[in-house]
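1. with the sequence up front, the predicted model follows.
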Amino acid sequence: MIEHLTKETFKEKVFDYEVMKEWKYAGKNPCIIDFYADWCGPCKMVAPILEELAIEYDKKVDIYKIDTEKEQELAAIFGIQSIPSILFVPLEAAPQMGSGALPKATFKQLIKDIFHVETQEQ
C-alpha cells in the first residue's frame, strides 16, 4: 500500500535531515518516493503504476508519495524542479532521482538494477 508522507513521517521512515548530517536511510525495505502534485497530468499517469508496483513488491519495496504543494520543505530539500520526480532509495547506497512519467517496465528494471529486488514473475 502506498503511504503519503508528511515532513514528520518522512523524518521517521526515511531520513531525519534535521538531526543527521550524512545520509542514512531509516527504512527496512528499499523505497520509491513519488514527488507529485494533484494538478499534474503526468503524475496522474504514474499513480496507477505505483499502485500496481506496491502490490507486486509488497513487503519488498516501500512506496511513498509526497505532495509537493503541501510539503514544500521536503520538495526544496531534494531540489524538485519538475514533477513527477521519483526518488529511488536503496538500503545501503545513496538515493537516485529520476524524473518524468516512467512506464511500468522502466520502474521494474530500475527496481531490479538499483534495489536488486525482483517480483515472482521475473
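-> Right, received. Where do you want to start?
2. output the lowest mean pLDDT helix or strand found in this protein.
-> strand 96-99 (a mean of 93; mean pLDDT, DSSP states H and E).
3. after that strand comes which helix or strand?
-> helix 104-110 (DSSP states H and E).
4. could you measure from the residue most central in space within the chain over to Q96?
-> By Cα atoms, centre = their mean, the mean C-alpha position of the chain lies nearest to I33, the distance being 1.4 Å. Per Cβ to Cβ, to the nearest Å, I33 is found 11 Å from Q96. Bear in mind the C-beta positions are built from the backbone N, C-alpha and C, glycine included.
5. what of K24?
-> Using Cβ to Cβ, one obtains 16 Å as the distance from K24 to Q96.
6. list residues touching both of I33 and Q96?
-> L87 (Cβ atoms under 8 Å, 6 or more residues apart in numbering).
7. only alpha carbons, please: show the lengthiest helix in the chain as CSV.
-> Longest helix of the chain, by residue count under DSSP state H: helix 41-56. The C-alpha trace of helix 41-56 is given here as CSV (Å, rounded to 0.1, in the frame of the first residue of the first chain):
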residue,chain,number,x,y,z
GLY,A,41,-1.1,15.3,-15.6
PRO,A,42,2.0,13.1,-15.8
CYS,A,43,1.7,12.5,-12.0
LYS,A,44,-1.8,11.1,-12.6
MET,A,45,-0.4,8.7,-15.2
VAL,A,46,2.2,7.4,-12.8
ALA,A,47,-0.2,6.9,-9.8
PRO,A,48,-1.9,3.7,-11.0
ILE,A,49,1.5,2.2,-12.0
LEU,A,50,2.8,2.8,-8.5
GLU,A,51,-0.3,1.3,-7.0
GLU,A,52,0.3,-1.9,-9.1
LEU,A,53,4.0,-1.9,-8.0
ALA,A,54,3.0,-1.6,-4.4
ILE,A,55,1.1,-4.8,-4.7
GLU,A,56,3.7,-6.7,-6.8
